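Participant: Everything below, folded, please.
(chains A and B)
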Amino acid sequence: MFKHTFSLLALSFLLTVQLAAQTVQKPGTASITGRVILKGEPAAGASVGLQPQQTSAGGAPGFPDRSKYSRTKTDAEGRFSFSSLNAGQYRIVALAPGFVSADDLQLAGGKLVNLADGENLENVELRLKPGAVITGRVTDPVGNPVVEKTVQLSKMDTRGNFVRFGVGYQSLTTDDRGVYRVHSLPAGKYKISLGYSQQDGFRPEISRQYYVKTFHPNVIDEKEAKIIELRDGSEATDIDIKIVEAKKTYDVFGRVIEAATGQPVVGVRIGQMPVQPTGNVSGGVMTAMASMPTDTQGDFHLQGLTSGKYLLFADSRFDSVAADFYSDQTPVEINESDVVGVEIRAHRGGSISGVAVVEGTNDPAILKQLTSLNLNLIYRASNESSSGRNARPAANGTFRLRGLKPGKADIRAFTPAEGLKQIRIEHNGAPVTDGFDIQAGENLTNVRVVFGYGTAAIRGQLKIIGGVLPEGVQVTAITVKLLGGSASNFNVAVDSRGQFLVKNLTAGEYEVKPFAFSMNRTPEIAALLDQINKTAQRVTVGSGETPAEITVDLSRKENDR
Amino acid sequence: MKAFITVFSLLLLGGIALAQAKPETTISGKVLLDDGQPASGAHLEINSVGLRQNRRSESVECDETGGFKLTGLAPGSYSIEVAAPGYVTDEATARRVYRPGETVTIHLVKGGVVTGKITDSAGEPLVNAKVKLQRLRDLNGNRVRNGDTSFLGDDFHTDDRGIYRAFGLLPGVYVVGVDGETGERWLGSENEAPTYYPSTTRDAAMELTVRPGDEHSSIDIRFRGDAGRAISGTVTGTFESSQPFNRPGLTLLNAATKEPVASSSPNQNNAFVLFGIPDGEYELFARQIGRREENSAGSLPLRVSVKGADVTGLSLRLMPYASISGRVVIESAKPGEAKCDPQAKLSVEEILLRHKSELRNPRTLNALLGDIDEAIRPTAPDEKGEFTLRQLEPDAYRIETDLPGENWFVRSMTLPAVGAAKNKTDAARSPITLKAGEKLTGLEITLAEGAASLSGRVTPKPGGNLPSRLRVHLIPAETTASDDVLRYRETVIEKNGSFEFKHLAPGKYLMLARSSSDTESNSQRPAAFDSTERTKLRKEAEAANQQLELLPCQHVKDHVLRF
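Facilitator: Take a look at the predicted model:
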């Protein structure tokens, strides 16, 4: 039998130390065992990592506790085991740089499982195969090496489309000789390029010139790009890219004034949204942090923009100085030269102030969670994402959202899967059921955002029947929403067995729906995602754990055609 | 006729007197590569120095002649970083401070390259291993600061063949280490200590000298996987903050070389742990910088010995930092006194102040990192001349000034009178002592116009040689000034025997060239801070009898001083 040996480090079980200094957790009673398989054979001495995914109740959300990660190595039969585990969600991943998962694309790698107390999960198989390599050299139009710039890969999917392919945890940048090397790639057909094209959205760096996106070997049109075919463990060398053209960037000069008074607005940054030739606003908002705030005359100077159409606006989300203002979106077109004299008109916005409170508990540790939540005001109109504002409740729960544009918007707190949940919003004592309709300059007060901390839970199972999900489509989460009030919805992860657990719920009627995702959004896939994401299930939660089952029937779609 | 001429002259004079130069707002210049070629397309970034918030960070690209122009700059001091692919700024440029109105030439040198293969103890390539290039000193032998809140030194990762290529390296002396961490970077650290080139522990690591354009290949390391230990404990005295960048941080330094070894942040219960620490001697400290820097606190360094076992139960107490606030005052010119340059106007924001510790307290970070010049961040006054030097440990301090232009000198530094004393305290003569958390106010730094400058060379006795390390001292000749520490100056001569003094108070000076021991660096404590040393200096200088008078606004060049 051919066995692969990973002799990275000594053949022994290594576990990180659980420190006495931290809050002591009782050793758990669950366990996970399995095998690492390489090229069909058990892999001895392979490193396997176990990563608890959620912090315990009362902990600061968003700060993964890496000291709880542990590692172990497979034995001579390729077996690994983790024991004395507490209930919770874990990710199990084979740590084998240079190798890739032989299972179909698992987003973020590894297997996700929800463990219950005392559960002994067995036969977790992590299959690996050797990754492939692409390497080459990038040169500019005069033949000099292109140094410290990033290459981009796209990989062909089952329908023949090339979709952007991301590689984790390695450098895609060229070195001082212009040489790049991308490794640990799954077998398949690839195209490689370097440079910028307006369809990519905003550029990652600001400079006086940029390289026009060029595909190997030296073409701008993606259809003419040479396809690089990789097999397991193969190495494609001399995949050079000769940049065809470097183009100039331009500057925009202008002023932000308050429309009502003509006075300059000082200290506000300028946001840019590129507008595609088709008229769609795409690529998201250019990080407004990249620009200097307006000076005492209200003047601004944007640098490094490529030719094209943009919508500029005064973005006061990041600075407190101009936080009361919002502005109109101002169209600007750059046509191979600098643009001067742009005037952005700003207005004093409305505000919403009130208090965030917790119902159902007086535990100070839980009440403390309020101050780390972000209350987000989100506009319903799809092109107003940058008009949204957020605020953090102060220690006494009070908050104020300001600089609000007129329009219909909702307040949503993004809460982690464990911990406080937004259950209700009240204005002047009455429940808010359909968001806020903010009028120009209106100051709404006496708003209560109510959070609950319950002890009920939903333990659910997602089933997919009537077919298999196409390549690249995955159900990664379940969206949960409390019905009947202005609650915020939130997501919980669903593990590789389709199981999910929603905790800290207060009693009420909930809706659970799958959240399906794909990197490749062809119209067919978009329709499928839509259909899956509409498969809602109602669950009535009382106390304790309520079971739920969501069934997605893929065969139904075919019949509807 | 007469009347007309008189009026005309009056108008002319009036015109000149009224013509106030507008403050300069531009720094321009050229960037050249090491072969003299223009660095066309090089990327310049300019940052404000000395301000509490980085108010200005702007970038500009050089044109085909390597030229650049940074405009719209507010009065202040700036540092310039230049990046051209494969090139780095030379040492002189990296340390320099620039002010609006200056024209500069910046030289880039070729970055160094270090490449090699990393294997595990069985000889198999280690893929995606983190290789750390830790710069210890620059090519002049000066220790360099690598930041104290993260494990810095450039790091690069190995590819699927176990090969790494570190490029764009600043010239200097390095050690190369590979971390225990392999595989995906977001996993927690293993309990393994790093291995250094050529496959040893840190104390036996070989130093690598990287000169501009050097390429060192085959810098291979076989990772040993030595067991590292965990250091853990708690931090007390932290303040609540929900912002990630205001959270407290801990840093572990190698006690001998002061390199950062590991860093971490305590969890919500104020407990911390550092993994993978090899046996050895360390200094551990914690610090928390508040959003407004007013509520910043730090712990004193704690000596930690790791000898074959985890170290637990440590306790670090954060104590509020002290600060010194004050004002820069510009002495108005006395009637009849000519100004050096009527057109020039001092923008007080262009001054930089640095606190220098007297190193009285050996258990401070000042004492640990004191010989690293760059360790002290300067402070600039605001437009009213007000300043606050922050984040000071309990210690004794002297204030150093960095003045723009050539026309200004420091007349005095005073603190308000203490107790029954009538006169203000001379803050230049005696150091300023601060207790933990003390917020001292009222430091007044008075500047006057009319500074002189002096440059020249030291020549050996006929037939003799100059010793390898020579210091030139300026001592005020007037006996009334014998305790005016600000009038005493000293500097180490350059290799060619040359020296330069700027921002000198006009007056009579005695000059003395004295050999200093080889261990002294240019940033050592000036002899004049000590009254016994001052007396000694005067005696020797009077014996050497080399006098010089400097008039206001006089700039003496090519002065010859005999050794």
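Participant: Residue B:107 - how many residues pack around it?
Facilitator: The criterion is other CB atoms under 10 Å in any protein chain shown. On that basis, residue B:107 has 18 neighbouring residues. C-betas here are computed from N, CA, C, even on glycine.
Participant: Also residue A:434?
Facilitator: 8.
Participant: Name the nearest residue to it, ignoring sequence neighbours.
Facilitator: Take residue A:434 and drop its neighbours on the chain: the residue closest to it by CB to CB, 6 or more residues apart in numbering or on different chains is residue A:486, 7.8 Å away.
Participant: shouldn't the one you found be in contact with residue A:424?
Facilitator: Yes. If you go by CB atoms under 8 Å, residue A:486 and residue A:424 touch, sitting 6.4 Å apart.
Participant: Give the intersection of the neighbour lists for these two.
Facilitator: Residues within reach of residue A:486 and of residue A:424 at once, by CB atoms under 8 Å, 6 or more residues apart in numbering or on different chains, are residue A:431.
Participant: residues contacting the closest residue to chain B within the stretch 101-250 of chain A?
Facilitator: Among the residues of the stretch 101-250 of chain A, residue A:147 lies nearest to chain B; the distance is 3.1 Å by CB to the nearest CB. Neighbouring residues of residue A:147 by CB under 8 Å, 6+ apart: A:174-176, A:178, B:85-86.
Participant: go on, residue B:197?
Facilitator: Residue B:197 touches B:116, B:175-177, B:205-206, B:208, B:219-221, counting by CB under 8 Å, 6+ apart.
Participant: Who wins on neighbours among these?
Facilitator: If you rank the contacts of residue B:197 by neighbour count (other CB under 10 Å), residue B:176 sits at the top with 28 neighbours.
Participant: Tell me how far that residue lies from residue B:142.
Facilitator: Here residue B:176 is placed at a distance of 20 Å from residue B:142 (CB to CB, to the nearest Å).
Participant: For the residue nearest to residue A:434, grab the count of nearby residues.
Facilitator: Neighbours of residue A:486 under the rule other CB under 10 Å: 22.
Participant: now swap in the one 5 residues further on and tell me
Facilitator: Counted with other CB under 10 Å, residues neighbouring residue A:491 total 18.
Participant: So for the residue nearest to residue B:434 when sequence neighbours are not counted, what's the pLDDT?
Facilitator: On the basis of CB to CB, 6+ apart, the spatially nearest residue to residue B:434 that is not a chain neighbour turns out to be residue B:322, at 4.1 Å. Reading off the per-residue confidence, residue B:322 sits at a pLDDT of 92.
Participant: Can you show me the helices along chain B?
Facilitator: Assignment of helices within chain B using DSSP state H yields the ranges B:2-18, B:91-95, B:365-369, B:531-544.
Participant: Got the phi and psi for residue A:352?
Facilitator: phi -130, psi 120 (degrees, to the nearest 10).
Participant: Does it touch residue A:449 like I think?
Facilitator: No. Residue A:352 lies out of contact with residue A:449 (CB under 8 Å); the separation is 9.8 Å.
Participant: Pull up the overlap in contacts between the two.
Facilitator: Common neighbours of residue A:352 and residue A:449 are listed as residue A:411 (criterion: CB under 8 Å, 6+ apart).
Participant: Show me where the stretch 351-500 of chain A has its helices.
Facilitator: With DSSP state H, counting those that start in this stretch, the ranges of helices along the stretch 351-500 of chain A come out as A:364-367.
Participant: so where's it shaky on pLDDT?
Facilitator: By pLDDT under 70, the low-scoring segments of the stretch 351-500 of chain A are A:417, A:472, A:485.
Participant: residue of it with the smallest distance to chain B?
Facilitator: Taking CB to the nearest CB, the stretch 351-500 of chain A has residue A:372 as its residue nearest chain B, at 5.1 Å.
Participant: In chain B, what residue lies closest to chain A?
Facilitator: Per CB to the nearest CB, the residue of chain B with the smallest distance to chain A is residue B:85, at 3.1 Å.
Participant: would you put the C-alpha positions of stretch B:491-503 in PDB?
Facilitator: Taking Å, rounded to 0.1, in the frame of the first residue of the first chain, the C-alpha atoms of stretch B:491-503 are listed here in PDB:
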ATOM      1  CA  THR B 491      29.300  67.000  18.000                       C
ATOM      2  CA  VAL B 492      31.300  64.000  16.700                       C
ATOM      3  CA  ILE B 493      33.300  64.800  13.600                       C
ATOM      4  CA  GLU B 494      32.700  63.200  10.300                       C
ATOM      5  CA  LYS B 495      35.300  60.800   8.800                       C
ATOM      6  CA  ASN B 496      36.900  63.600   6.900                       C
ATOM      7  CA  GLY B 497      37.300  65.700  10.100                       C
ATOM      8  CA  SER B 498      34.500  68.100   9.300                       C
ATOM      9  CA  PHE B 499      31.900  69.400  11.700                       C
ATOM     10  CA  GLU B 500      28.900  71.700  11.600                       C
ATOM     11  CA  PHE B 501      26.900  73.600  14.200                       C
ATOM     12  CA  LYS B 502      23.700  75.400  13.500                       C
ATOM     13  CA  HIS B 503      21.200  77.500  15.500                       C
END
